[in-house]
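Engineer: Below is the structure, and that's it, no one-letter string:
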Ligand SMILES: Nc1ncnc2c1ncn2[C@@H]1O[C@H](COP(=O)(O)OP(=O)(O)O)[C@@H](O)[C@H]1O
Ligand SMILES: [Mg+2]
């Protein structure tokens, strides 16, 4: 039923696509974490000058489809004279998107650290920034890391959408190979298997990291 | 050491402190007693500005705490300096759960006072020994009993070498059998000459250790006297009633 010859022959091409998918995922993850942290701190700020833009960013991203966001960046922005490569557009779109979800996750974790912790730190004469860095964030991490890991898994799967802006990652590689092989079942199945490997391997890495990060709480 | 004049604090329309005057001298221990909701915690928290007083004056170690004349930024800096001079021990301990006992104790000296880490650790160990926890230096709070956690919290305050320490019902969250070990540490501190302002329900401790006992009710100081006088011969009917209620419950 399955054409194993085709599978074996084209596997290296798909693997190359998967490598690009992984690259896009990891870079978007890193940038998305920075966006998320900035937006979370912005939303928690007292000053509306920080709070409103952060809230607007999170709202607009979470209330529109990622596909439309990617189209605006890749097809829309050139009209304003901003021309980004498919790779830059893809990473920017994905990072903005995952960043908004990360922001909510991080904000939730920070808010969950008890008032008493902040009071104890401030009573020692620690500044607000020092309290955030030394006391609140490390504790918030415990609560934040698992859902952030979840966001990352979603991000990996969402990268398939950048195939629509001509970025030849795993999904678009499969599509193009179908054009010449007429074997959609084999090609998409291989793509699916590679996505599953990527997400599962990431899950395993994340839970190892979690265990390491949470060590020391003595809990 | 701590001087408070005409301190008022409102939470919205609720008047919690209605004109408090008190003075704690150097090396003095003042106990504050009174029914729940009378404003004892609020008073303590106003002193190191965890609550913002509505009006009045607070002076710690010769320095005025509430300085309306400073810009926001300058005031924060001023406040952080004042707070390094004032220890605070909370009812719920509030130890940092992601740090060991020793790390809890050295956090302030290293991060705020900029002490060398090695020196801070050596001193931190000495202080832990003083509160009887030399062997728990590397233990996380989750693995300590309530009494041990509160003793670490006291050590954390001591490590800053404060001019005075504020205790807000330091033993109220403890199982009865653990109260003694914490009171013992507090008593040792008092004997050692530490200036202390202690909100407590432990009448025995107040009687034994305090130089002055203040009875608060409904946001006011009803009376203030040395313990021998206040406990055996209260001037005010309300104090008498409160003491009778407390003794009854035991
Ligand atoms: N943050 C707050 N907001 C509103 N009301 C408060 C707040 N903190 C304390 N109160 C009220 O102030 C009163 C005094 O509280 P508190 O100082 O905690 O009393 P005590 O420590 O003597 O039991 C209580 O009625 C309490 O409900
Ligand atoms: Mg109280």
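Structural biologist: Sure thing, it's come through. Source: prediction; values computed, not measured. Ligands and ions are numbered 1, 2, ... in the order given.

Engineer: Quick check: the closest residue to residue B:81 other than its chain neighbours vs residue B:230, distance?
Structural biologist: Among residues not flanking residue B:81 along the chain, residue A:125 sits closest, at 6.8 Å (Cβ to Cβ, 6 or more residues apart in numbering or on different chains). For every residue, glycine as well, the C-beta is placed using N, CA and C. For residue A:125, the distance to residue B:230 equals 34 Å [Cβ to Cβ, to the nearest Å].

Engineer: And for residue B:135?
Structural biologist: Counting by Cβ to Cβ - residue B:135 and residue B:230 are separated by 40 Å.

Engineer: Give me the more crowded residue out of the two.
Structural biologist: Using other Cβ atoms under 10 Å in any protein chain shown as the criterion, residue B:135 and residue B:230 rank with residue B:230 on top: 24 against 10.

Engineer: Quick check: closest non-adjacent residue to the more buried one.
Structural biologist: Nearest non-adjacent residue to residue B:230, counting by Cβ to Cβ, 6+ apart: residue B:213, 4.6 Å away.

Engineer: Check what pLDDT that neighbour gets.
Structural biologist: On the pLDDT scale, residue B:213 is placed at 97.

Engineer: Quick check: which element contains it?
Structural biologist: For residue B:213, the host element (DSSP states H and E) is strand B:212-217.

Engineer: pLDDT below threshold where in chain B?
Structural biologist: Along chain B, segments meeting pLDDT under 70 span B:249-250.

Engineer: Run through the strands of it in chain order.
Structural biologist: Assigned by DSSP state E, the strands in chain B fall at B:2-11, B:14-24, B:29-33, B:55-60, B:63-64, B:86-89, B:164-168, B:196-199, B:212-217, B:220-225.

Engineer: Show the contacting residues for residue 10.
Structural biologist: All of this refers to chain A. Going by Cβ atoms under 8 Å, 6 or more residues apart in numbering or on different chains, residue A:10 touches A:177, A:181, A:186, A:187, A:190.

Engineer: please go with chain B instead
Structural biologist: Residue B:10 neighbours (Cβ under 8 Å, 6+ apart): B:16, B:54.

Engineer: Which strand residues bridge it?
Structural biologist: When bridges are called by DSSP bridges, residue B:10 pairs up with residue B:15.

Engineer: Kindly provide the distance from it to chain A.
Structural biologist: Residue B:10 sits at a distance of 20 Å from chain A (criterion: Cβ to the nearest Cβ, to the nearest Å).

Engineer: Can you measure across stretch B:136-152, start residue to end residue?
Structural biologist: Stretch B:136-152 stretches 9 Å from its first residue to its last (Cα to Cα, to the nearest Å).

Engineer: buried set for that stretch?
Structural biologist: B:136-137, B:139-141, B:144, B:146-152 (16 or more other Cβ atoms under 10 Å in any protein chain shown).

Engineer: and the closest residue to ligand 1 within chain A, how many neighbours?
Structural biologist: Nearest residue of chain A to ligand 1: residue A:115, at 9.8 Å (Cβ to the nearest ligand atom). Residues near residue A:115, counting by other Cβ under 10 Å, number 10.
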